[in-house]
Structures are given as structure tokens and as C-alpha cells.
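Student: Starting from these lines, generate the structure:
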Amino acid sequence: MGVAQRYYDAFTVRDWYTMSLLYAEHATFSDPVFPLLNAKGTRLMWQMLLSRAEDFEVDVEILEDTASHIRANWVARYTFTATGRPVTNRVKTEMQLVAGKIVRQQDT
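Tutor: The predicted structure is shown next:
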């Protein structure tokens with residue numbers, strides 16, 4: 001099973017710990033909300049987001065899963081706990097891999 005499949009299998013069941021193990025120690029993450037996180041910040045972000053999410057669902061389309069690159073589109077649906085409003089988040093992900101670990105992830 002490739003990194004993308006393991007990552008998104010964990011994501012769909014809100015398993016932030018398994019996701020965190022797939023990041024290299026020097027990994028970076030960026031998206032419109034978190035413009036530049038290091039590996040520790042990325043792990044903490046996923047822990048915070050996934051442990052608090054209620055009625056979380058994610059649909060994933062893996063477009064590319066090679067030894068060095070992952071491209072995927074995903075849509076998350078959940079209720080934002082602070083307001084009770086439903087959220088739909090559509091994301092395009094690009095990841096670079098080295099030795100089976102994510103070293104760079106950019107979500108748009």
C-alpha cells in the first residue's frame with residue numbers, strides 16, 4: 001500500500017496519529033490558513049482539527065501516488081463546533097516524498 005493510501009485511509013477515520021507518522025522530521029506544510037508549518041506544527045494541526053471535528057466525512061480522489069509525488073483532491077464535510085454551521089472544504093493536495101515520508105505538502 002502506498003503512502004497516499006495509508007495517509008487517506010487514516011484521514012477518513014480521523015486517525016491523526018497514523019497521519020503524523022507519515023511526515024518526515026523536516027517536513028513542511030502550507031495551505032491558505034496555515035501558510036508555513038514545520039513537521040511538529042503539522043502534526044499538532046491535524047491532531048487539533050481531527051480530534052475536534054464532529055460528524056466528519058471525507059471523500060478522496062488520489063490522482064497520483066508514486067515514490068516521490070502524491071496529488072489528490074479531497075472534500076471534507078463537518079460541523080464547525082464554534083457556530084454549529086456545516087462546512088464543506090474542497091482541497092487540492094500536492095506532496096513530495098523522500099524515502100517513503102512526506103517532506104512537503106501544499107494544499108490549495
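
Student: Tell me where the chain has helices.
Tutor: With DSSP state H as the definition, the chain shows helices at residue ranges 3-12, 16-21, 39-52.

Student: can you list those in TSV and add mean pLDDT and distance to residue 107?
Tutor: Every residue, glycine included, has its C-beta placed from N, CA and C. Formatted as TSV, the helices of the chain follow (pLDDT from 0 to 100; distance: least, Cβ to Cβ, whole Å):
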stretch	mean pLDDT	distance to residue 107
helix 3-12	97	12
helix 16-21	98	13
helix 39-52	94	11
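
Student: and those helices, which is most packed in?
Tutor: helix 3-12 (a mean of 18; mean count of other Cβ atoms under 10 Å).

Student: Between the helices of the chain, which one is closest to residue 91.
Tutor: Proximity to residue 91 (Cβ to Cβ) singles out helix 3-12 among the helices of the chain, at 10.8 Å.

Student: longest strand of the chain?
Tutor: Ranked by residue count under DSSP state E, the longest strand found in the chain is strand 85-98.

Student: And it, what's buried?
Tutor: Neighbour-count burial for strand 85-98, counted by 16 or more other Cβ atoms under 10 Å, picks out 93, 95-97.

Student: Adding pLDDT and distance to residue 54, write the residues you listed out as CSV.
Tutor: Listed next are the buried residues of strand 85-98 as CSV, based on pLDDT from 0 to 100; distance: Cβ to Cβ, whole Å:
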residue, pLDDT, distance to residue 54
93, 98, 23
95, 99, 27
96, 99, 32
97, 99, 32
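
Student: Go through those residues and say which is closest to residue 11.
Tutor: Taking those together and measuring to residue 11 by Cβ to Cβ, the closest member is residue 93, at 10.2 Å.

Student: So that closest one sits against residue 107, correct?
Tutor: Yes - applying Cβ atoms under 8 Å as the test, residue 93 and residue 107 come out as touching, 5.1 Å apart.

Student: ok so, going back, so which of the helices of the chain comes closest to residue 102?
Tutor: So among the helices of the chain, helix 3-12 is nearest, using Cβ to Cβ, at 7.0 Å.
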